[in-house]
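Enquirer: only geometry, no sequence info:
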């Protein structure tokens with residue numbers, strides 16, 4: 001079977017075969033990112049005008065990091081018992097798969113607290129990390 005996308009293990013940097021790994025995000029890390037974002041908003045928000053919070057450009061530089069999507073072979077997974085949202089690698093082998101998962105994840109209130117957008121951008125730019133194309137795609141920007 002020919003795949004459009006491959007997964008690269010964050011730990012050993014090897015490609016992951018179907019059934020041997022997953023793309024996952026730790027739910028505890030999402031909770032921490034949510035807590036950090038709320039704390040940041042309380043510290044950095046300027047006086048709201050008409051109920052809208054505003055932030056200075058300088059304060060945006062200290063915006064908290066999102067929860068990180070990881071890719072691991074099962075044998076390299078540093079937290080195999082973590083409470084995570086996991087997607088088996090064989091379900092992320094095509095661009096259509098990534099579009100489907102993106103549409104599915106958009107229904108999750110916690111998605112904006114993750115770096116899913118960065119994962120997609122890395123894939124589109126053939127970043128050779130996490131999820132990457134077998135052949136470099138043509139981007140029409």
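Expert: That came in fine, so what should we check first? Only a predicted model underlies this, so the values are computations on that prediction, with no experimental measurement involved.
Enquirer: who touches the residue nearest the centre of the chain in this structure?
Expert: Most central in the chain under C-alpha atoms, centre = their mean is residue 116, positioned 2.9 Å from the mean C-alpha point. Counting by C-beta atoms under 8 Å, 6 or more residues apart in numbering, residue 116 touches 69, 102, 105. To be clear about C-beta, it is placed using only N, CA and C from the backbone, and glycine gets the same treatment.
Enquirer: Just put these in a markdown table and tack on pLDDT.
Expert: As requested, the contacts of residue 116 are exported to a markdown table (pLDDT from 0 to 100):
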| residue | pLDDT |
| --- | --- |
| 69 | 98 |
| 102 | 97 |
| 105 | 98 |
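Enquirer: out of these, which are buried?
Expert: Buried members of the contacts of residue 116, counted by 16 or more other C-beta atoms under 10 Å: 69, 105.
Enquirer: so which of the contacts of residue 116 would you say is closest to residue 140?
Expert: residue 102 (18.3 Å; C-beta to C-beta).
Enquirer: Which positions in the helix of greatest length in the chain come out as buried?
Expert: Of all the segments of type helix in the chain, defined by DSSP state H, the longest one is helix 27-44. Neighbour counts over helix 27-44 (16+ other C-beta under 10 Å) mark 29, 30, 33, 34, 36, 37, 40, 44 as buried.
Enquirer: got the contact list for it?
Expert: For helix 27-44, the surrounding residues in contact (C-beta under 8 Å, 6+ apart) are 53, 55-56, 59, 62-68, 82-85, 110, 113-114.
Enquirer: Can you select the buried ones among these for me in ChimeraX?
Expert: A single ChimeraX command selects the buried members of the contacts of helix 27-44 (16+ other C-beta under 10 Å):
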select :66,67,68,84,85,113,114
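Enquirer: now, which of the contacts of helix 27-44 lie within helices?
Expert: With DSSP H as the criterion, helices contain residue 59 from among the contacts of helix 27-44.
Enquirer: for residue 130, what are its contacts?
Expert: Applying C-beta under 8 Å, 6+ apart, the residues near residue 130 are 7, 8, 10, 23, 69, 70, 71, 119, 122, 123.
Enquirer: Could you dump the residues you listed into TSV and include distance to residue 16?
Expert: Output for these, formatted as TSV (distance: C-beta to C-beta, whole Å):
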residue	distance to residue 16
7	4
8	7
10	10
23	9
69	14
70	12
71	7
119	15
122	16
123	14
